[in-house]
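> Quick check, what structure comes out for this input:
(one chain, ligands or ions: 1)
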Amino acid sequence: MRQVLNPSAGPGAGAAAVLTGLGTWLPPHRVTNGDLCDRLDTSDEWIRERIGIVERRRADPAVSTGDMAVEAASRAMASAGVAHVDAVLLATTTPDHRCPATAPWVAHRLGLGPVAAFDVTAGCSGFLHAGAVAAGLLAAGTARRVLVVGAETMSAVIDPDDRATAPIFGDGAGAAVLEAGPRRLDGALGPVVWGSDGSLADAIVVPAGGTRERHRRPVSPGDVYVRMRGNEVFRHAVRRMTRAARDAAAAAGWELSEVDRLIAHQANHRINAAVADALGIPRGDAPSNIHEVGNTAAASLPLLLADAADRGDLKPGHKVLLVAFGSGLAWAATTLVWPSGLSPRR
Ligand code: COA
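Model (predicted):
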């Protein structure tokens with residue numbers, strides 16, 4: 001059953017979550033399809049055609065998810081022109097440690113003092129899940145300004161010898177500042193539609209490292225890496241993203257024909273083409289940067305928003321439909337009208 005979280009409908013109602021800043025950071029090291037072919041039985045053509053990726057970034061081993069989060073977050077705060085936030089939410093599947101959460105360290109490095117800070121684990125839809133949590137905090141009056149970060153070091157959990165996953169994922173970070181404000185303001189997040197299906201928890205999984213597999217010692221080397229049933233994930237991604245996006249547009253009171261831009265998680269260009277087709281949104285209205293960064297999981301949406309804004313693909317007044325899907329399985333979608341005067345910092 002689908003669930004709708006409407007930030008303007010709860011007690012303490014009135015405040016929406018308004019996007020006021022965006023920041024990103026990408027590791028400088030580029031890994032091309034050609035680089036992967038040295039090690040894997042694959043080809044540049046196969047990866048371009050079947051996934052849509054030309055290159056992805058890889059973080060230096062000395063650089064952690066928290067490090068990248070700090071870089072993106074400080075840029076987002078500069079973009080919003082703010083020096084303080086009330087809470088830091090870090091969406092990631094690749095935290096610095098299993099314990100503690102990475103967000104408190106990020107908040108510390110940002111010099112934010114003793115603010116609330118915690119991680120949100122919802123795979124590739126983590127950024128929208130964290131945005132939904134932030135919207136709830138803002139609507140309830142628990143916070144007036146929240147930093148939402150998506151950061152991933154996917155290269156740490158990808159088997160470099162697995163051609164089913166190694167070409168797909170990349171490293172990077174993106175962050176947004178959300179502030180309490182009137183719902184009618186451009187930049188205000190609309191109702192969030194989200195959900196999960198834990199019956200498919202093993203469709204994208206890192207088997208070792210948690211409590212489930214701890215009885216198996218020693219762990220086999222491959223179990224520390226992501227295992228994915230790509231074909232199955234593909235089908236669920238199309239179905240769930242299509243439905244969540246349609247429901248989010250309806251919850252916002254929009255016809256799909258009014259949508260100017262579809263901002264979809266960058267996992268595979270064929271997934272997003274199928275979702276756009278199913279929604280009746282022209283493929284050209286779904287900006288993409290997968291060719292440059294690959295699938296950066298929880299960092300994907302803020303990286304794409306910043307890229308699209310910089311390229312002029314997002315213009316003030318555009319009706320934007322956002323949707324993401326990933327491990328869990330979990331998905332989320334929401335809407336916003338692109339605000340004027342927002343310039344991402346890179
Ligand atoms: N290079 C060359 N061939 C490859 C390959 C690669 N990198 N990866 C798989 N293949 C081969 C397979 O071995 C298979 O060969 P076979 O027909 O001889 O058995 C063939 O290509 C088709 O495999 P399949 O898994 O059906 O390919 P696909 O078209 O589904 O593409 C994915 C594979 C992983 C790219 C695709 O399923 C996908 O993107 N899934 C979603 C992944 C995703 O979004 N994950 C994150 C969620 S956010």
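
> Relative to the ligand, which residue of the stretch 101-250 of the chain is the closest?
Closest residue of the stretch 101-250 of the chain to the ligand, Cβ to the nearest ligand atom: Gly230 (2.7 Å). (Each C-beta comes from the backbone N, C-alpha and C, glycine too.)

> That residue contacts Ala164, correct?
Yes - under the criterion of Cβ atoms under 8 Å, Gly230 makes contact with Ala164 at 5.6 Å.

> May I have stretch 338-346 exported as PDB, CA atoms only?
Provided in PDB are the C-alpha atoms of stretch 338-346 (Å, rounded to 0.1, in the frame of the first residue of the first chain):
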ATOM      1  CA  TRP A 338      12.300  25.200  -9.600                       C
ATOM      2  CA  PRO A 339      13.200  28.400  -7.700                       C
ATOM      3  CA  SER A 340      14.800  31.500  -9.100                       C
ATOM      4  CA  GLY A 341      18.200  32.600  -7.800                       C
ATOM      5  CA  LEU A 342      19.500  29.200  -6.800                       C
ATOM      6  CA  SER A 343      23.000  28.700  -8.000                       C
ATOM      7  CA  PRO A 344      24.600  25.400  -7.200                       C
ATOM      8  CA  ARG A 345      28.200  25.400  -5.900                       C
ATOM      9  CA  ARG A 346      30.600  22.800  -7.400                       C
END
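
> average pLDDT for that stretch?
When pLDDT is averaged along stretch 338-346, the result is 96.

> any residues touching it, and which ones?
By Cβ atoms under 8 Å, 6 or more residues apart in numbering, the residues outside stretch 338-346 that reach it are 18-25, 75-76, 78-79, 185-187, 261, 305-306, 309-310, 314-318, 320.

> and it, how far out from the chain's middle?
Relative to its chain's centre, stretch 338-346 lies at 18 Å (Cα atoms, centre = their mean, to the nearest Å).

> what's the answer for stretch 123-133, then?
7 Å.

> How about the helix or strand encompassing Ser300 and the ligand, touching?
Assigned by DSSP states H and E, Ser300 belongs to helix 300-311. No - Helix 300-311 stays clear of the ligand (Cβ under 6 Å from any ligand atom), getting no nearer than 8.1 Å.

> a helix runs through His108, doesn't it?
Yes - assigned with DSSP: H, G, I helix; E, B strand; the rest coil, His108 falls within a helix.

> Pull the number of nearby residues for it.
16 (other Cβ atoms under 10 Å).

> check which helix or strand covers Val148.
Val148 belongs to strand 145-152 when elements are defined using DSSP H and E.

> Direction included, what does that strand pair against?
Strands adjacent to strand 145-152 in the sheet, as given by DSSP bridges, are strand 87-91 (parallel), strand 172-182 (antiparallel).

> re earlier: how about the contacts made by the residue of the stretch 101-250 of the chain closest to the ligand?
164-165.

> what's near enough to touch the closest residue to Leu40 other than its chain neighbours?
Sequence neighbours aside, Arg163 is the residue nearest to Leu40 in space, at 4.5 Å (criterion: Cβ to Cβ, 6 or more residues apart in numbering). Arg163 makes contacts with 40-42, as judged by Cβ under 8 Å, 6+ apart.

> Residue numbers of the protein in contact with the ligand?
Checking the chain against the ligand by Cβ under 6 Å from any ligand atom, the hits are 42, 46, 50-51, 124, 163-164, 167, 204, 228, 230-231, 233-234, 237, 267-268, 295, 325-326.

> can you tell me which of those are in helices?
46, 50, 230-231, 233-234, 237 (DSSP state H).
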